[in-house]
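> Need coordinates for the following:
(chains A and B)
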Amino acid sequence: MAGKLQLSFAGTTALVSGARSGIGAATVDLLAESGISVIALDISSPNAVAPHPLVRHSVADVTDASSVTQVLGKLLGEGALDYVVNCAGIHRQGGLESLTSEDWHLMLDVNLVGAALTTKSALPWLRRSLGAAIVNVTSLESSRVVALINPEPVAHYAASKAGLEMLTVSMARDLSRYGIRTNSVAPGFIQTPMTLVNHAGVADLPERAALRVPMGRYGQPSEVATAIAFLLSEGASYITGSSLLIDGGFSAT
Amino acid sequence: MEEQRRRALITGGTRGIGKGIVEWFAARNLDVAFSGRDQSAGKQVEAEIRAEGRVVHFIHADLKESGSAAELVSSAVTALGSLDILVHNAGIYPEHALAEMTLDDWHTVLDTNLTSGFLLAQAAAQHLAASEAGRIVFISSITGPRTGISGLAHYCASKGGIDGLMRALAVELAPQGTTVNGVAPGTILTESLAELYAEPGLMDSVTRIIPVGRMGSPDDIAAAVEFLSNTNAGFITGQSMIVDGGQTIPEVQGNS
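This is a model prediction of the structure:
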């Protein structure tokens, strides 16, 4: 289509966590289509997908830094890594009164600590790149209370994503010494398996929620992937420490 | 079938960031109309870009004059045939200390930077509604929305106002499929800034506080505007994208 953003990334390598479904999977597809060699990381084995010559699937747990290091060592050796997309994340229901200590630790471990440790593990390889960039996938819920299903806002998820926003800014400042840029995208209601599992159980919720979005619909994973690709690209070389909400205008209402 | 080329109007395109956006868009095969107050500079930019075989039209306009915004949009639509993208970049930043700032000074800055944005959007909205993917991008600033600079109260207010205008229009124009966003540049090295920083050592002292280690270029802003204008950016609206090399990352350093 005319007016579609064209980006060029030939010869570069990216690590995408949470690569098996939703936004992560769409990001893997788009980056590979753009010519990037992609290491698609997930805690579970990939579905039987048609193999793309530029995509290598690997199993690792982002809460276990050594498993990420192991994958990178095996696949990259002494080579460079240009991009990291921290997309691994979980969502669970539960308000403050019902959440246990275990609920809190699991949520923060995966969504927040996981991104920090994945990035730390990748750092030796990122430092060999000439133009490295990181994108953290946060959420509308990092800055807005969303309570679509239960009356109680989902405290631990929101807190984990708010933490990831500030981690992004801190990393942007910290890693600028190596010429590494760090930004975040904050998706609103996106039509992913995670959202649909949460929203589909509730009668007509997707329709009602879409009415609250000025654009009148849920976003597609590919629309978030496009923003991630732009923030990784050369065109975004003056953007670091920024956050971009992709929510169809929801946060402006 | 030949693909429909996207058509853009860019205000304040004779120099600096605006000129960078005009050149960037033209180089990517968009048809461009751009405005400016400086007739000879505008004609020169137009000639340079046409020499490369691109479609570009310079339209002389001073946006603080009443009626000029509507007239500009109308001329642009006549020249281009239709309109897909409006980029409001025109802006001025004269310095006035609060004690000396006259009401005229205030109005001149607010009229040029902010009120023109309202009038341009009002005139362009119906044309953007007819596009398969209408886009408005306001060039805002980190100065005002994020930080304040002494002597620029009117400028800071105008750019804060631009962000409010942007969010309201994002909600109002969403039903017609038009997105409305902002790009907030940090310190961008333009001709006028180079003059401001002519004093030896001043440029280095500014660059030192920017985490990416350099000042921005008009191209950095143009790339962000292009991203927000592309047809795949239809779920991004009401957002201000900060393009500042990390300059406004809040920090306190003990050793600086």
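> As a check, name the ranges of all strands in chain B.
Using DSSP state E, the strands of chain B run over residues B:7-10, B:31-36, B:56-60, B:85-88, B:135-139, B:179-185, B:240-243.
> helices or strands up against the second one?
If I follow you right, that is strand B:31-36. strand B:7-10, helix B:16-27, helix B:39-50, strand B:56-60, helix B:68-80 (3 or more Cβ pairs under 8 Å, 6 or more residues apart in numbering or on different chains; DSSP states H and E). C-beta here means a position set from N, CA and C on the backbone, and glycine is covered the same way.
> cool, and the longest one?
Contacting strand B:179-185 under the criterion 3+ Cβ pairs under 8 Å, 6+ apart are the following elements: strand B:135-139, helix B:153-173, helix B:218-229, strand B:240-243.
> Apply 10 Å and report the result again.
Counting contacts by 3 or more Cβ pairs under 10 Å, 6 or more residues apart in numbering or on different chains; DSSP states H and E, strand B:179-185 packs against helix B:16-27, strand B:85-88, helix B:116-129, strand B:135-139, helix B:153-173, helix B:218-229, strand B:240-243.
> Please state the offset of it from the chain centre?
Here strand B:179-185 is found 8 Å from its chain centre; the criterion is Cα atoms, centre = their mean, to the nearest Å.
> And stretch B:24-40, what's buried?
Of all the residues in stretch B:24-40, those buried under the rule 16 or more other Cβ atoms under 10 Å in any protein chain shown are B:24-26, B:28, B:30-37.
> could these go into CSV alongside pLDDT and distance to residue B:128?
Below are these laid out as CSV (pLDDT from 0 to 100; distance: Cβ to Cβ, whole Å):
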residue, pLDDT, distance to residue B:128
B:24, 98, 20
B:25, 98, 16
B:26, 97, 20
B:28, 95, 19
B:30, 97, 15
B:31, 98, 15
B:32, 98, 16
B:33, 98, 14
B:34, 98, 17
B:35, 98, 17
B:36, 97, 22
B:37, 96, 25
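> Find the pair from those residues with maximum spatial separation.
Across those, the longest distance by Cβ to Cβ is 25.9 Å; it joins B:28 and B:37.
> Find the nearest non-adjacent residue to residue A:13, please.
Nearest non-adjacent residue to residue A:13, counting by Cβ to Cβ, 6 or more residues apart in numbering or on different chains: residue A:37, 4.6 Å away.
> which residues does the one you found contact?
By Cβ atoms under 10 Å, 6 or more residues apart in numbering or on different chains, the contact list for residue A:37 reads A:9-14, A:31, A:53-56, A:75-76, A:79, A:81-82.
> and if you look at residue B:16?
B:89, B:91, B:188-193, B:218, B:221.
> Just the buried ones out of these, please.
For the contacts of residue B:16, a burial check counting by 16+ other Cβ under 10 Å picks out B:89, B:91, B:188-190, B:193, B:218, B:221.
> follow-up on the earlier one: filter the contacts of residue A:37 down to the buried ones and hand me the ChimeraX line.
Per 16+ other Cβ under 10 Å, the buried members of the contacts of residue A:37 correspond to this ChimeraX selection:
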select /A:9,12,13,14,31,54,55,56,75,76,81,82
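> Can you flag which of the contacts of residue A:37 belong to strands?
Filtering those for strands - DSSP E - leaves A:13-14, A:55-56.
> quick revisit: for the residue nearest to residue A:13, give its distance to residue A:68.
The spacing between residue A:37 and residue A:68, counted by Cβ to Cβ, to the nearest Å, is 17 Å.
> ok, now residue B:36?
Distance, residue B:36 to residue A:68, using Cβ to Cβ: 52 Å.
> Identify the residue nearest residue A:181 in space, chain neighbours excluded?
In space, and not counting its chain neighbours, residue A:181 is closest to residue A:240: 4.0 Å by Cβ to Cβ, 6+ apart.
> repeat for residue A:35
Residue A:35 sits nearest to residue A:10 (Cβ to Cβ, 6+ apart), 4.7 Å away.
> now residue B:191
Here the nearest residue to residue B:191 in space, its sequence neighbours aside, is residue B:15; by Cβ to Cβ, 6+ apart that works out to 5.8 Å.
> The one you found is in contact with residue B:23, isn't it?
No - contact between residue B:15 and residue B:23 fails when scored by Cβ atoms under 10 Å: they sit 11.2 Å apart.
> neighbour count winner among these two?
Taking neighbours as other Cβ atoms under 10 Å in any protein chain shown, residue B:15 and residue B:23 compare with residue B:23 leading, 22 against 18.
> got a list of what the spatially most central residue of chain B touches?
With distances taken as Cα atoms, centre = their mean, residue B:89 lies nearest the centre of chain B, 2.2 Å away. Applying Cβ under 10 Å, 6+ apart, we find residue B:89 in contact with B:10-13, B:16-22, B:34-35, B:137-139, B:183, B:185, B:218, B:221, B:225.
> now do residue B:185
So residue B:185 contacts A:238, B:17, B:89, B:139-143, B:216, B:218, B:220-221, B:224, B:241-245, B:247 (Cβ under 10 Å, 6+ apart).
> Quick one, which of the helices and strands packed on strand B:179-185 gets closest to residue A:165.
strand B:240-243 (13.3 Å).
> And chain B, is stretch A:205-218 touching that?
Yes - looking at stretch A:205-218 against chain B by Cβ under 10 Å from any Cβ of the partner chain, the contacts come from A:213-218.
> how long is that stretch from one end to the other?
End-to-end distance for stretch A:205-218: 11 Å, by Cα to Cα, to the nearest Å.
> how about it: buried residues?
A:206, A:209, A:213-215, A:217-218.
> any chance of the residues you listed in CSV, with distance to residue B:200, secondary structure and pLDDT too?
As requested, the buried residues of stretch A:205-218 are exported to CSV (distance: Cβ to Cβ, whole Å; DSSP: H, G, I helix; E, B strand; the rest coil; pLDDT from 0 to 100):
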residue, distance to residue B:200, secondary structure, pLDDT
A:206, 61, helix, 75
A:209, 58, helix, 82
A:213, 53, coil, 95
A:214, 50, coil, 97
A:215, 51, coil, 97
A:217, 55, coil, 94
A:218, 55, coil, 93
